[in-house]
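> one predicted model, sequence on top.
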Amino acid sequence: MALLGKDLRTEFRTMRSLPAMVLFAVTTFIIFRYGLDRTTLSGSLAGGVLWTTLLFAAILGINRIFVSELEEGGFDAIRLAPVDRTVLFTSKVAALFIYLAVLQLIVVPVFAVFFLSDWSSLVPLVAVLVGANLGFSVLGTLISSMAVNSRARDLLVPLLLLPLVVPLMIATTAASAGLFDAAGPDYEGFGTWLLVVGLYDGVFLLVGYAVFDFLLED
Amino acid sequence: MTGRGLKTLSIATVVFLMVGFALVFLWVPMDADQGFKQKIFYLHVPLAIVALLGFVAGGIEGYRHLKSGDRRHDANSYVFIHISVTFGVAVLITGAIWAKASWGYWWVWDEPTLVSFLIVFLLYCTYYPFRYAIEDRDRQARYASVFAITAGAFVPLNFMAVRMSESVIHPRVFATSEGGLPDSMLFTFLVCFIGIGLLWLTLVKTEMVGKKVSGQVSYLRRKLHDDGAGGSVGGRIAPSVEAK
């Protein structure tokens, strides 16, 4: 808890990654607008644009989540402290989860204003966003902690993360494609895909808990 | 103990593969639907299954490495993944050839097995840059094991997700592959499968022997330049089994 508070305070004082993530996402929407040459989006195209943008914006944040720990000796402090190391994992996952939630709180309405004609799909979308956020946070923390000690950190995070989140992307885009249907939200298969997102989160949460200890040993 | 059993293993591999391919070309009946083209099935599918099993085995070895701290398991994990990635290249090429022959396209996005294999393959390709980017030997081994475990858990999950995304619209092409296969084809398939599996084992063992030898060589070289100036030989990154 204290760790999470520390992370959040540092982020809100320095504003190191969140503004960059938001700016990046909004600019990406503009690029999609001209790349696809559409002024409104619906169905799978809308889901694809939203999730691609969110994923790449998330990678920006994931890249930096452990950098401050490395630069300012946070890792050593954690190792010295008489706490379980999985605490660090949990607090990082929670911090990343909150960053992503804030990002989406700003970016998803922008997306709706830019591209959607019908906003009724935004309420059920929250469930998908929460599930996907958990998946991004767990995997992002795991990958970021693996890559932070290597030479090619900025290169490795997307390289490792992208293939790993493909199943999550399949599930989230499929779940939201129906929601963004031009004829109004369509819930066919929505529950099943949400279940896949949940399963994915569960598996990697377990893997993360099991292996995170070994990433901190020295 | 260097290389013991390697010769027997190689001979068994050659025999099984020869018998397997002889069966494929001379004995097993033509596929009613696809004709001669279908024969690549006996190469492509065993390669794919063996590669995937190798990836999972790499994850299990990674887990054992973390549990025991024994570098031998890390070397195993590395070699398993290495050989399986090599097999993966062959799987993608034979898969593309088969797709071209039977569907008319080199790549078919509707075929979930193909797509999920590509994703798994790409993931494991990142194993090398990841491993090589970490300088400290112990940390490298530990992180690589963590990667192997994470990726091992990812393999079945990925196949499920990709398959689900297609299953609604497309029937599985080989949905009945085991049940619908006539006995003669099943037998031939099994012989080929064992042959490819043995090939994998032989390659793994060969590489392990190579690592052991180069480990011994660098150990001896260090002994020769005992002043320490010799250091480690070059910037070798792949794990080696240290000689006693």
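Yep, it's here.

> okay, CA-based contacts and neighbour counts for the rest of this
OK.

> which residue is nearest the centroid of chain A?
Residue closest to the mean C-alpha point of chain A, counted by CA atoms, centre = their mean, is A:Phe136 at 4.0 Å.

> what is the helix or strand where that residue lies packed up against?
Per DSSP states H and E, A:Phe136 falls inside helix A:122-147. With contacts defined as 3 or more CA pairs under 8 Å, 6 or more residues apart in numbering or on different chains; DSSP states H and E, the packing partners of helix A:122-147 are helix A:43-64, helix A:86-115, helix A:153-179, helix A:190-216.

> show me which residues of it are buried.
A:122, A:125, A:128-147 (16 or more other CA atoms under 10 Å in any protein chain shown).

> likewise stretch B:130-143?
By 16+ other CA under 10 Å, the buried positions in stretch B:130-143 come out as B:130-134, B:139-143.

> wait, A:Met21 touches A:Ala57, no?
Yes - if you go by CA atoms under 8 Å, A:Met21 and A:Ala57 touch, sitting 5.1 Å apart.

> mind listing what the residue nearest to A:Phe115 when sequence neighbours are not counted touches?
Residue nearest to A:Phe115 in three dimensions, not counting chain neighbours: A:Thr40, with 4.3 Å by CA to CA, 6 or more residues apart in numbering or on different chains. Shown in contact with A:Thr40 (CA atoms under 8 Å, 6 or more residues apart in numbering or on different chains): A:114-117.

> buried deepest among the helices and strands packed on helix A:122-147, which one?
Ranked by mean neighbour count, the helices and strands packed on helix A:122-147 are led by helix A:153-179 with a mean of 22 (mean count of other CA atoms under 10 Å in any protein chain shown).

> that one versus helix A:43-64: what angle between them?
150 degrees (axes from the mean of the first three to the mean of the last three CA atoms, to 10 degrees).

> how far off centre is helix A:153-179?
9 Å (CA atoms, centre = their mean, to the nearest Å).

> wait, does it contact chain B?
Yes - against chain B, helix A:153-179 shows contacts by CA under 8 Å from any CA of the partner chain at A:156, A:159-160, A:163-164, A:166-167, A:170-171, A:174.

> for the longest helix along chain B, packing partners?
When secondary structure is assigned using DSSP state H, the longest helix within chain B turns out to be helix B:183-224. Counting contacts by 3+ CA pairs under 8 Å, 6+ apart, helix B:183-224 packs against helix B:6-22, helix B:41-68, helix B:71-103.

> now A:Ala152. Its backbone dihedrals?
As for A:Ala152, its main-chain torsions (degrees, to the nearest 10) stand at phi -100, psi 50.

> quick check, it in contact with B:Ala133.
Yes - proximity of A:Ala152 to B:Ala133 meets the contact threshold set by CA under 8 Å, at 6.1 Å.

> where does A:Arg16 land in three-state SS?
coil (DSSP: H, G, I helix; E, B strand; the rest coil).

> what separation is there between B:Val120 and B:Ile97?
19 Å (CA to CA, to the nearest Å).

> neighbour count: these two, which is higher?
B:Val120 (24 against 19; other CA atoms under 10 Å in any protein chain shown).

> quick check: the more buried one touching A:Leu162?
No - look at B:Val120 against A:Leu162 with CA under 8 Å: they stay out of range, at 11.1 Å.

> need the helices and strands packed on helix B:183-224 in a markdown table with mean pLDDT, can you?
Conversion of the helices and strands packed on helix B:183-224 to a markdown table gives the following (pLDDT from 0 to 100):
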| stretch | mean pLDDT |
| --- | --- |
| helix B:6-22 | 80 |
| helix B:41-68 | 85 |
| helix B:71-103 | 85 |
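
> A:Thr86 and chain B, how far apart?
A:Thr86 is 15 Å from chain B, where distance means CA to the nearest CA, to the nearest Å.

> got phi/psi on A:Arg85?
Dihedral pair for A:Arg85: phi -70, psi -20, per degrees, to the nearest 10.

> find me the pLDDT at the residue nearest to it when sequence neighbours are not counted, would you?
Nearest residue to A:Arg85, sequence neighbours excluded (CA to CA, 6+ apart): A:Asp213, at 6.1 Å. Reading off the confidence values, A:Asp213 has pLDDT 77.

> which residues sit in contact with residue 192?
The chain I'm using is chain A. Applying CA under 8 Å, 6+ apart, no residues contact A:Thr192.

> if you could check chain B rather than the one you did, that'd help
B:16-17, B:20-21, B:42-43, B:46.
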